[in-house]
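>>> quick check, what structure comes out for this input:
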Amino acid sequence: MAEGPTYHRIANLLREEIRGGKWSPGDRLPSHTELADQMQVSITTARNAIQVLVTENLVYTATSRGTIVRNQEVLESVVTDHIRPDRPRATHDIFEEIARAANREPTKEFSARMEPAAPEVALWLGVPADSWVLARTVVQYLDNEPWSWEVSFYPRDLAEATGIDSPHDIPEGTTRRLADRGHAETAHRDTLCARPAGAEEAIVLGVATGTILLDHLRIGANHQRVTRATRHRSIATRNRLSYEIGDDEGIGVIRDTLGSAYRRGISLP
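Got it, this is the predicted structure:
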């Protein structure tokens, strides 16, 4: 190993092994204890070496499975797909559609609760501060890897009227549920920013504090009211967001062109 602090030298070796194919996405690296024994160093040194790779988003830690090699693919999400008129009826939501199109296996951890509206949530929804709103939280995984953290807020009366106050996930997605119950969204305002992950975000997404995230806020409305505000956070270097705007014929031309580029192995920005 090259010169430098011992934990850096161990991290360099593991990085080379990952990039060389010894460790594939989803593989478990040696535990801190195993790595310390193999390298004849302290557990602290082994832990510091692994933390270097966590900071680089090459691996993540899972409580029950140890240190896991991350998939390095970039997942593209066409964020207008869920409102396209020709989207087929299905019993799964848009995240599952995107994941399966990329040959990835999607899973989720879901929770829902009524809570007082924080000042920013009250502003987004146009409701009084501290009034009750429904918060639906989903942590999304691809091949068991933490991928994104999404929290959607709904006015209480709308949530109760449409049945999205259910304590369970809604397979077809809340956008379709709202539409089916007479509250179809007709407009959206999206705000995107890149910023460092805070401590809680780092824990949920399995990244180091300070990792750059994509923070995507979408506010939906119909002709009468704001229906929801969804905040979606994901790792910036692993996600690409695209919008398709215009008529079906023109979008079809764009899709055909980009599909041809992908087939020729051209990497798009």
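
>>> can I get the CA coordinates of the worst-scoring helix or strand of the chain on mean pLDDT in CSV?
One helix or strand of the chain scores below all others by mean pLDDT, DSSP states H and E: helix 248-263, with a mean of 78. Taking Å, rounded to 0.1, in the frame of the first residue of the first chain, the C-alpha atoms of helix 248-263 are listed here in CSV:
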residue,chain,number,x,y,z
ASP,A,248,-47.0,13.8,-27.4
GLU,A,249,-45.6,13.8,-30.9
GLY,A,250,-42.6,16.0,-30.0
ILE,A,251,-41.9,14.1,-26.8
GLY,A,252,-41.9,10.9,-28.9
VAL,A,253,-39.2,12.3,-31.2
ILE,A,254,-37.1,13.2,-28.2
ARG,A,255,-37.5,9.8,-26.6
ASP,A,256,-36.6,8.0,-29.8
THR,A,257,-33.5,10.2,-30.2
LEU,A,258,-32.3,9.6,-26.7
GLY,A,259,-33.1,5.9,-26.9
SER,A,260,-30.9,5.7,-29.9
ALA,A,261,-28.1,7.5,-28.1
TYR,A,262,-28.4,5.1,-25.1
ARG,A,263,-28.3,2.1,-27.5
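
>>> which strands border the helix or strand harbouring Tyr141, and is each parallel or antiparallel?
Tyr141 belongs to strand 132-142 when elements are defined using DSSP states H and E. If you go by DSSP bridges, strand 132-142 pairs up with strand 106-116 (antiparallel), strand 145-155 (antiparallel).

>>> so of those strands, which one's packed in deepest?
For these, the largest average neighbour count (mean count of other Cβ atoms under 10 Å) is found in strand 145-155, namely a mean of 22. Where C-beta positions appear, they are placed from N, C-alpha and C, glycine not excepted.

>>> all strands of this protein, in order?
With strands called from DSSP state E, the chain shows them at 59-62, 66-69, 75-78, 106-116, 132-142, 145-155, 187-196, 212-221, 226-235, 239-242.

>>> for the fifth one, buried residues please.
Okay, so that is strand 132-142. Neighbour counts using 16 or more other Cβ atoms under 10 Å place Val133, Leu134, Ala135, Arg136, Thr137, Val138, Val139, Gln140, Tyr141, Leu142 of strand 132-142 among the buried residues.

>>> follow-up on the earlier one: give me the contact list for the strand holding Tyr141.
For strand 132-142, contacts defined as Cβ atoms under 8 Å, 6 or more residues apart in numbering pick out 71, 75, 95, 99, 102, 104-117, 121-122, 125, 127, 146-156, 159, 164-165, 169, 174, 204.

>>> okay, angle between it and strand 226-235 too, please.
Here the directions of strand 132-142 and strand 226-235 differ by 30 degrees (axes from the mean of the first three to the mean of the last three Cα atoms, to 10 degrees).

>>> tell me the average confidence for strand 132-142?
What strand 132-142 shows for mean pLDDT is 95.

>>> equivalent analysis for stretch 51-61, please.
Stretch 51-61 comes out with an average pLDDT of 93.

>>> what of stretch 19-27?
Averaging pLDDT along stretch 19-27 yields 93.

>>> between the two ends of that stretch, how far is it?
The straight-line separation of the ends of stretch 19-27 (Cα to Cα, to the nearest Å) is 13 Å.

>>> and stretch 117-131, by the same measure?
By Cα to Cα, the extent of stretch 117-131 from end to end equals 6 Å.

>>> same deal with stretch 14-26?
With Cα to Cα applied, stretch 14-26 spans 15 Å between its terminal residues.

>>> then stretch 203-221?
OK, stretch 203-221 end separation, Cα to Cα: 32 Å.
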